[in-house]
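Student: Need coordinates for the following:
(chains A, B, C and D)
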Number of protein chains: 2
Amino acid sequence: MSDAASDTPAPLPPSPWERGRPARSRVTPARVPLSRVRVVEAAFVVLDRQGLDGLSMRQVAAELGVTVSALYAHVSSKADLLELMYTRLFVGFDLPEPDRERWQEQLRDFARSVRRRLLSHRDMARISMAHVPFTAELLPHVEALLAIFRTAGLPDRISAEAGDLISTYINGFVLEEGMWQDRAAADEAGGSSLARPDWREMAGEMQNYFASLPEEDYPHLRALSGLMVTDSSDDRFDIGLEIILRGLASYLPDPAPSPPSQ
Amino acid sequence: MSDAASDTPAPLPPSPWERGRPARSRVTPARVPLSRVRVVEAAFVVLDRQGLDGLSMRQVAAELGVTVSALYAHVSSKADLLELMYTRLFVGFDLPEPDRERWQEQLRDFARSVRRRLLSHRDMARISMAHVPFTAELLPHVEALLAIFRTAGLPDRISAEAGDLISTYINGFVLEEGMWQDRAAADEAGGSSLARPDWREMAGEMQNYFASLPEEDYPHLRALSGLMVTDSSDDRFDIGLEIILRGLASYLPDPAPSPPSQ
DNA sequence: TCACTTGGCGAACGCTGTTCATTAAGATAT
DNA sequence: ATATCTTAATGAACAGCGTTCGCCAAGTGA
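Tutor: Numbering: from 1, shown residues only, chains lettered A, B, ... in the order given. Model prediction:
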């Protein structure tokens, strides 16, 4: 489009002469062959555009300009494709060297990174919830988590559970985040098209709803109405995470009674 | 069935005489009309028999001896049906009066009860994860949870998060429990039919797999192999729950420095 | 030039959720 | 007793789904 008019001529429609050779092999000069990674990439495009419910093999094929059955040469089933997407989400995730003194920060970093990755694609938490990280590619991540717990000094039976607990928390939290967005998007599609309700607006409605509940039946829900649904879920995420970290810390052997340093 | 032979005669097959009135109204004495609750009940039967993936409107209709479209007179969509099932799961759930001194036991009871209900129907955790308890029927449950937190003395911003945290934990835990069972069932169906692999056998395999990992790459996973997958998930559930409870307890205002009681 | 492997195509199967015009039956009103 | 209205369920249809299978065209090595 920019520096055109070079020596490569613009692709012409095939003349009636060369009807034998179909046009495509000229229009797409060296047609990129399909591959596992190309299928997975297309699946992510479809996922982000249409959500998990709109992610069908046919849509992925259409995204690649290819028929459905072609996909099955590179992916054995839709479940397989979803697992590949799940795995792919965590490539290049850097795993910290466990540091006894900084285990809480390390876990915070870890949790926030996972959440960020889950948020980077629509409905990813739903996919994540349906899988267990006991595959060859993800075992190092599990090991890294366990390493943090154990070098921090947590008892083994706590360490064995803590990984699950934190993973479950992250997945569940992001899943719920996504549900808010989906719900808002659904309202937007069905409701008045002017002034898109956004996600924030719905939170406000929910807040008002809680605050309007009968005082004698719902005193606590009313009192917490402002805190149950906040603008930034980042804070809420950190709070829940902190509760877990404090619970874990309570299993640490008592530190040698230290001089009151600060 | 028990005290029969009363004055109500046993239903006879219709004589050829009364062919006008079709047989069904006599064979099925007063044909039970379809209703919301009957549809939901049938859905539970199908769910337990075939799992969530096998739960289709057609199957539910077949279970009732009725056509698919008949269901839509009582249920507006499949999503609606699933929500009704989710709601139904918690009818009759008794909500404790908050007791400042016993808040931890109360939460343990609560969590275990919820888990028991989720386990009472196949794949129920998957359904539960897809819903938020902010419907009219379930608001009292949310309120009861918040009541426990607040009368225990937890700060408001912690209380607001704690409900989510615990619910997420329960759902996630039971979801994973179900995935083990499903995976085992799948292996059973496809593999050797003799000596059904059971769920326990697979746990053993997993344990061996962890223990067989290369020592230098996976020291911690190896060390914890015996604890990651245990026979009774009850213990694992309680451990994770305890971590959360301890974390919550850490936000309690310092108790008046008490005499060293025990 | 021939045989062969490969990658993609297109049609088909059986299933899904949902809608709609139609029918059978019961209740109500004339 | 007859006619009307309401209700409940029917059965066919639509569009889409995951998956499989037979087929064809292109490219490769002998």
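Student: And the most centrally placed residue in chain A, which helix or strand is it part of?
Tutor: The centroid of chain A falls nearest to A:L118 when counting by C-alpha atoms, centre = their mean (1.7 Å). Element membership for A:L118 (DSSP states H and E) is helix A:103-119.
Student: circling back to that earlier point, pull up the per-residue confidence for the residue nearest to the centre of chain A.
Tutor: For A:L118, the pLDDT comes out at 98.
Student: Which residue is the nearest non-sequential neighbour of it?
Tutor: In this structure, A:L118 finds its nearest non-sequential neighbour in A:V174, 4.4 Å apart by C-beta to C-beta, 6 or more residues apart in numbering or on different chains. Bear in mind the C-beta positions are built from the backbone N, C-alpha and C, glycine included.
Student: count of residues packed around the one you found?
Tutor: Residues lying near A:V174 (other C-beta atoms under 10 Å in any protein chain shown) number 24.
Student: can you check A:I244 too?
Tutor: Applying other C-beta under 10 Å, I find that A:I244 has 23 neighbouring residues.
Student: On the three-state scheme, it is what?
Tutor: helix (DSSP: H, G, I helix; E, B strand; the rest coil).
Student: hang on, it packs against B:L248?
Tutor: No. In terms of C-beta atoms under 8 Å, A:I244 does not count as a neighbour of B:L248; the distance is 10.0 Å.
Student: okay but A:I166 is in contact with A:I244, surely?
Tutor: Yes. Look at A:I166 against A:I244 with C-beta under 8 Å: they come within range, at 6.3 Å.
Student: Tell me who's in contact with A:S35.
Tutor: Neighbour list for A:S35: A:H74 [criterion: C-beta atoms under 8 Å, 6 or more residues apart in numbering or on different chains].
Student: Look up how far DNA strand D lies from it.
Tutor: A:S35 is 16 Å from DNA strand D, where distance means C-beta to the nearest atom of the strand, to the nearest Å.
Student: which SSE is the residue nearest to A:L118 in?
Tutor: Here A:V174 is assigned to helix A:156-190, by DSSP H and E.
Student: That helix vs helix A:103-119, what angle?
Tutor: Here helix A:156-190 runs at an angle of 30 degrees relative to helix A:103-119 (axes from the mean of the first three to the mean of the last three C-alpha atoms, to 10 degrees).
Student: list the helices and strands whichever helix or strand comes after helix A:156-190 packs on?
Tutor: Downstream of helix A:156-190, the next assigned helix or strand under DSSP H and E is helix A:198-211. With contacts taken as 3 or more C-beta pairs under 8 Å, 6 or more residues apart in numbering or on different chains; DSSP states H and E, helix A:198-211 sits against helix A:156-190, helix A:219-223, helix A:225-228.
Student: From the rest of the structure, what touches helix A:198-211?
Tutor: Contact with helix A:198-211 is made by A:180-181, A:183-184, A:187-188, A:218, A:221-222, A:224-226, A:228-231, B:134, as judged by C-beta under 8 Å, 6+ apart.
Student: what does the stretch 51-200 of chain A have sitting close to chain B?
Tutor: The stretch 51-200 of chain A comes close to chain B at residues A:129-130, A:132, A:134, A:139-140, A:142-143, A:146-147, A:150, A:156-162, A:164-165, A:168-169, A:171-173, A:175-176, A:179, as judged by C-beta under 8 Å from any C-beta of the partner chain.
Student: Quick one, which of those residues are buried?
Tutor: With neighbours counted using 16 or more other C-beta atoms under 10 Å in any protein chain shown, those contain these buried positions: A:129-130, A:132, A:139-140, A:142-143, A:146-147, A:150, A:157-162, A:164-165, A:168-169, A:171-173, A:175-176, A:179.
Student: Now narrow these to whatever sits close to DNA strand D.
Tutor: Near DNA strand D, taking C-beta under 7 Å from any atom of the strand as the test, no member of these is found.
Student: Can you give me the neighbour number for A:S76?
Tutor: When neighbours are counted by other C-beta under 10 Å, A:S76 registers 11.
Student: what secondary structure does it sit in?
Tutor: A:S76 - assigned by three-state DSSP - is coil.
Student: Let me see the mean pLDDT of stretch A:168-176.
Tutor: Mean predicted confidence for stretch A:168-176 is 97.
Student: what helix or strand does whatever residue of chain A ends up closest to DNA strand C sit in?
Tutor: Closest to DNA strand C within chain A is A:S69: 2.8 Å, counting by C-beta to the nearest atom of the strand. Here A:S69 sits within helix A:68-71, counting by DSSP H and E.
Student: Can you show me the CA trace of that helix as CSV?
Tutor: Below are the C-alpha coordinates for helix A:68-71, written out as CSV (Å, rounded to 0.1, in the frame of the first residue of the first chain):
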residue,chain,number,x,y,z
VAL,A,68,-13.2,-27.5,9.2
SER,A,69,-11.8,-30.9,8.4
ALA,A,70,-8.4,-29.4,7.6
LEU,A,71,-8.0,-28.5,11.2
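Student: Kind regards, and thank you for your time.
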